[in-house]
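> Below are the sequence and a predicted model for it; my questions follow.
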Amino acid sequence: MSDPNNPCIFCNIKDSDIVFDNEYAIASFDSYPVSKFHSLIFPRRHIVNYFDLTDNELIACNDLIKKLKNKITTEDKMVEGFNIGTNSGMVAGQSIMHCHIHLIPRRKGDVDNPQGGVRSVIPSKQHYIRKK
């Protein structure tokens with residue numbers, strides 16, 4: 001199996017795999033999607049951690065997230081929500097050591113109970129009873 005970090009797959013992305021880009025960031029569809037149109041947004045500069053993004057890179061990534069959201073909801077009327085997240089560090093599940101943000105489209109009924117959303121990274125914490 002090839003190592004996506006050697007060479008870095010994001011630093012070496014093919015032009016044909018780019019959905020949107022700008023001066024500081026690139027957006028593409030995930031090769032192993034959680035749902036149809038699952039996308040990745042990442043800085044052009046090779047950095048490992050989300051927290052090392054410059055303000056310009058953060059704004060550029062956010063601009064691409066919004067462009068993708070509009071593209072996805074135009075092309076798929078079943079999309080009613082999104083999860084947005086990043087894994088920072090191996091203990092958080094990061095496997096490609098180039099900062100990237102996931103944009104995951106959600107459709108009604110794609111899971112039995114979506115309560116807790118991104119909290120499901122720790123399954124026992126996903127579902128909770130709200131305190132009164």
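Received the coordinates, thanks. Here the structure is a predicted model, which means the values were calculated and not measured.
> switch to C-alpha atoms for all contacts and neighbour counts from now on
Fine.
> Who are the contact partners of residue 30?
Contact analysis of residue 30 by CA atoms under 8 Å, 6 or more residues apart in numbering lists 37-40.
> got CSV for those, with pLDDT and secondary structure too?
Shown next, in CSV, are these (pLDDT from 0 to 100; DSSP: H, G, I helix; E, B strand; the rest coil):
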residue, pLDDT, secondary structure
37, 98, coil
38, 97, coil
39, 98, strand
40, 98, strand
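> Tell me the one among the residues you listed nearest to residue 3.
When those are compared for distance to residue 3 (CA to CA), residue 40 wins out at 18.1 Å.
> Which of the helices or strands spans the spatially closest residue to that closest one that is not a sequence neighbour?
Spatial nearest neighbour of residue 40, excluding adjacent residues (CA to CA, 6 or more residues apart in numbering): residue 102 at 4.8 Å. Residue 102 belongs to strand 101-107 when assigned by DSSP states H and E.
> Can you name the residues in contact with that strand?
Here strand 101-107 has contacts from 34-42, 65, 72, 78-87, using CA under 8 Å, 6+ apart.
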